[in-house]
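Chemist: can't give you the sequence, but here's the structure:
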């Protein structure tokens, strides 16, 4: 396989590989893209990662193992592939079950080993199906093409050396590579996972390493939506977004892309396209290089995202006049417990921030109480508004006027200096209502408002 910038990466998620029928359809999509020299990245068959986690936690449950084995065996039979295709994987999984029973404990390293079988098995099935329909393909565990990671089991990070190795291995490959997403190996040969959604990350790392012309993420929706359609039934496709906008949406709850997935593609200026496996003729959403390339055609709010199960922590401290030292102590405390802040606000009487990880909250509160008085407000949600006119005069006023009329209280408003996003906090019980109110007023408030169009014309067209 010749390496050049005409190659593409095609990543298929679990819902695209849910059964024999969808795997056959995916194989046809891949075959049609053959001239673009695709490198294919696959997730596990739908729900298999959850099943493998359940098996790891309860290796005595033979029903779970049988369900995993029967699901894959049924797909193989339906596709008329060799019955022994996954014999090796089934035997290795049984050995791992026996070893885990003997050890009587589950650590993060063993859990990653269990989870790896999902991608290993789906890659072999897809490669076999492609070969059957005339495209000679080869299943490749990610570590065989150079996906080398650190030893942070459960959330491993690829090492710098990976890119060079991936490029070399793909260049040498003569058959179409079907690569396992989500997994890698340490330099010691221990299996790791890149975290949930890590197959997107794998695709971006591989795409960046080979200099792909585009990275395609094939899923079960038509593209990135103006809102989560499970919350807002009227949500529609956003045709184009900038990397910065997609990052904001991904981080604050959009389910289509993994937040980390954006970064390797951004660094190499490789566009990402989100497409629907079940409607392959659709155009989906294209994610372009930077917001600067979209600014002139984006004088509206593009989309909304929602992140639930948020906790606000407020610290009122006698040290607030020495704010820098106080913030340093807060950040050191959060770093110690690996807690990430979503929103942060400072006033002359205190500091407020939000977290979504409750694992060490008691220890955090204990540490903060040594600095001052602490109050906690749970069951909150962050609403993120993304688009070209978020910082334009009048936009925030219209958003919050609409919410005031619905008697929805707003806390911790944060507006990005880049001009692409605004975030704020509401009660979780009002989050879905907030999303629907804003989305319903989306066209009325943002598209047809002459005042906002005039602001856009004055701000951007004037400087052309």
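Modeler: Ah, there it is. Because the structure is predicted, anything quoted here is derived from the model rather than measured.
Chemist: Could you give the number of residues near residue 267?
Modeler: 11 (other Cβ atoms under 10 Å). Every residue, glycine included, has its C-beta placed from N, CA and C.
Chemist: From what I see, it and residue 208 are in contact.
Modeler: Yes - the criterion here is Cβ atoms under 8 Å, and residue 267 meets it with residue 208 at 6.5 Å.
Chemist: before we move on, which element is residue 287 in?
Modeler: strand 285-288 (DSSP states H and E).
Chemist: And for residue 185?
Modeler: With DSSP H and E as the test, residue 185 turns up in strand 183-186.
Chemist: So in that sheet, which strands flank that strand, and in what orientation?
Modeler: Strand pairing for strand 183-186, determined by DSSP bridges: strand 148-149 (parallel), strand 191-193 (antiparallel).
Chemist: Point out where the stretch 1-150 of the chain drops to low pLDDT.
Modeler: For the stretch 1-150 of the chain, applying pLDDT under 70 flags the ranges 1-5.
Chemist: and what of the stretch 201-350 of the chain?
Modeler: In the stretch 201-350 of the chain (pLDDT under 70), the answer is 259, 292-300, 318-324.
Chemist: what domains does the record give for the protein?
Modeler: Structural domains assigned to the chain are 8-220, 301-463, following automatic domain parsing.
Chemist: Helices along the stretch 1-150 of the chain, start to end?
Modeler: Along the stretch 1-150 of the chain, counting by DSSP state H, counting those that start in this stretch, helices occupy 20-32, 48-57, 62-78, 87-103, 108-132.
Chemist: Which neighbouring elements make contact with the second one?
Modeler: Right, helix 48-57. helix 62-78, helix 108-132 (3 or more Cβ pairs under 8 Å, 6 or more residues apart in numbering; DSSP states H and E).
Chemist: Next, the angle from it to helix 108-132.
Modeler: 140 degrees (axes from the mean of the first three to the mean of the last three Cα atoms, to 10 degrees).
Chemist: List of residues touching helix 48-57?
Modeler: 14, 43-44, 61, 64-65, 67-68, 71, 97, 100, 106, 110-111, 114-115, 117-118, 121-122, 182, 196 (Cβ atoms under 8 Å, 6 or more residues apart in numbering).
Chemist: In three-state terms, label residue 234 for me.
Modeler: coil (DSSP: H, G, I helix; E, B strand; the rest coil).
Chemist: so what's it up against?
Modeler: Residues counted as contacts of residue 234 (Cβ under 8 Å, 6+ apart) are 439-440.
Chemist: And it, how close does it get to residue 307?
Modeler: Per Cβ to Cβ, to the nearest Å, residue 234 is found 21 Å from residue 307.
Chemist: And the helices in the stretch 151-300 of the chain, which stretches?
Modeler: Under DSSP H, counting those that start in this stretch, the stretch 151-300 of the chain gives helices at 161-172, 198-210, 243-251, 262-267.
Chemist: can you list contacts of the shortest one?
Modeler: Contacting residues not belonging to helix 262-267 are listed as 201, 204-205, 207-208, 215, 243, 246-247, 250, 271-272, 287, 289 [Cβ under 8 Å, 6+ apart].
Chemist: go again using 10 Å as the cut-off
Modeler: With contact meaning Cβ atoms under 10 Å, 6 or more residues apart in numbering, helix 262-267 is reached by 9, 158, 163, 200-209, 212, 214-215, 242-244, 246-251, 270-272, 287, 289-290.
Chemist: This completes my enquiry, with thanks.
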